[in-house]
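Student: Make a model of this:
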Amino acid sequence: MAKTINSHYEMVGINQLRPHPQNPRKGDVGAIYESIEANGFYGAIVAQKSTGHILAGNHRWKAAHEANLASIPVIWVECDDDRALRILLADNRANDKAGYDDSVLADILAKLSNESDLIGTGYTAADLDDLIAQMAVPDFAPGTEDEQGKLDELAPKMCQCPQCGHEFDLRKHGKADLRIDWATHAAAKFACENWHYSRCLPAGKLVKVGAWEAGKFIGVIVFGRGANCNIVKGYGLTQDQGCELVRVALTEHKATVSKIVSLAIRFLKSKNPGLQLIVSYADPEQGHHGGIYQAGNWTYRGVSSSATKVWYNGKWSHKKTVDDAGVDQTGLKRKKVLGKHTYLMPLDAEMRERILPLSKPYPKRVKQAMTGHQPEQRQGGTDPHAPEV
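Tutor: Numbering: from 1, shown residues only. Alright, predicted model coming up:
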């Protein structure tokens, strides 16, 4: 039965309180400090009377310290250490589970922004712009198999785990609020044009796998033949035995990118059982080194050959693209571009063994290059069913 625990309110010296040593929360002290400077310190810290440990407001206390406040209001609660930890965790978790009515929030921020500024709200003008852009995302429903290009013969909807033989529906697999399903052409086009650096959906035969969190569309993973139709020929495969992951276009999301990509691959494999290999690239010219592939345990093949780009129609385009358009390139500017980091995802044991000798150490991030740390591939990590670590 619900009850009110013994507590009382008073103003105390700030040094009478102590941050809880087991608080797992990492807050934005800077944003809280800005609020204190703009609005003053309001409300009260909740602390355990017997220890002085803060149960709610650890980061508000730190910000108050930075603001040189001598005393702050506190609500002392009388409880044992077990109850104190439960209060600490519940306070943090309740905030995690809260959400917003984006329309109401945008209206308030827009009103404040027009009247003065957003100082003291915890938001910036860029936050408001992002919120308005996010609200403009159409409510895309899942597509159907008939709308997809066929990279192989379609399989039944059920997928069998190669480890235990258990059959499960991939559309319901993953976190409770994450759904993987077919995406319509319109959804894929919107995601690529708004959430991918290329700002375009590739042409050609494509399979578009969408992702939804809590029923909200968050983007697509797109597979296709790629610009080079012989992309898997060098691995002893025919064109219908492999494909390229050509786009990862996602907006804000809770699940990791590697998790979303992994589930999309399983979904693709369940519908195209003849596929044996997926190839994908990370473009160093865009500052990419392939972090999402490394997190997903892909095999790193190395850097592809350098390419030539041509200045055409106001942008740099690959020479092959301009060639295919039948354009006379006389007098057009050209430049050499770096090769791309090449990653491979084998989809069966035979292919995994075949590409294993090609494996190279993962390329470094900029920070890793500066510190000399060299990431290695995790052993056995090229299986899409392998757990993330």
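
Student: For the residue nearest to K319 when sequence neighbours are not counted, name its beta-bridge partners.
Tutor: Excluding its sequence neighbours, the residue lying closest to K319 (CB to CB, 6 or more residues apart in numbering) is T308, at 4.4 Å. Every C-beta, even on glycine, is put in place using the N, C-alpha and C of the backbone. Assessed by DSSP bridges, T308 has beta-bridge partners K336.

Student: Kindly state the pLDDT recorded for T308?
Tutor: pLDDT recorded at T308 is 83.

Student: What's opposite L245 in the beta bridge?
Tutor: F223.

Student: Can you get me a residue count around W316?
Tutor: When neighbours are counted by other CB atoms under 10 Å, W316 registers 13.

Student: pretty sure it is in a helix, no?
Tutor: No. Checked against DSSP: H, G, I helix; E, B strand; the rest coil, W316 lies outside a helix; its state is strand.

Student: State the distance from the closest residue to it other than its chain neighbours to G339.
Tutor: What sits nearest to W316 in space, not counting adjacent residues and going by CB to CB, 6+ apart, is K309, at 4.3 Å. Distance, K309 to G339, using CB to CB, to the nearest Å: 13 Å.

Student: of these two, who's got more company?
Tutor: Per other CB under 10 Å, whichever of K309 and G339 has more neighbours is K309, with 19 against 14.

Student: Test my guess that the more buried one contacts L338.
Tutor: No. If you go by CB atoms under 8 Å, K309 and L338 don't touch, sitting 10.8 Å apart.

Student: buried residues in stretch 62-80?
Tutor: By neighbour count on 16 or more other CB atoms under 10 Å, the buried set for stretch 62-80 is K62, A63, A64, H65, A67, I72, V74, I75, W76, V77, C79.

Student: Most widely separated two among the residues you listed?
Tutor: A67 and C79 (28.6 Å; CB to CB).

Student: Might you report the residue contacts of the residue lying closest to C200 once chain neighbours are set aside?
Tutor: In space, and not counting its chain neighbours, C200 is closest to C192: 6.0 Å by CB to CB, 6+ apart. C192 sits next to S198, R199, C200, L201, V220, V222, R247, A249 when contact means CB atoms under 8 Å, 6 or more residues apart in numbering.

Student: same question, W212
Tutor: By CB under 8 Å, 6+ apart, the neighbours of W212 are P142, L178, R179, D181, I218.
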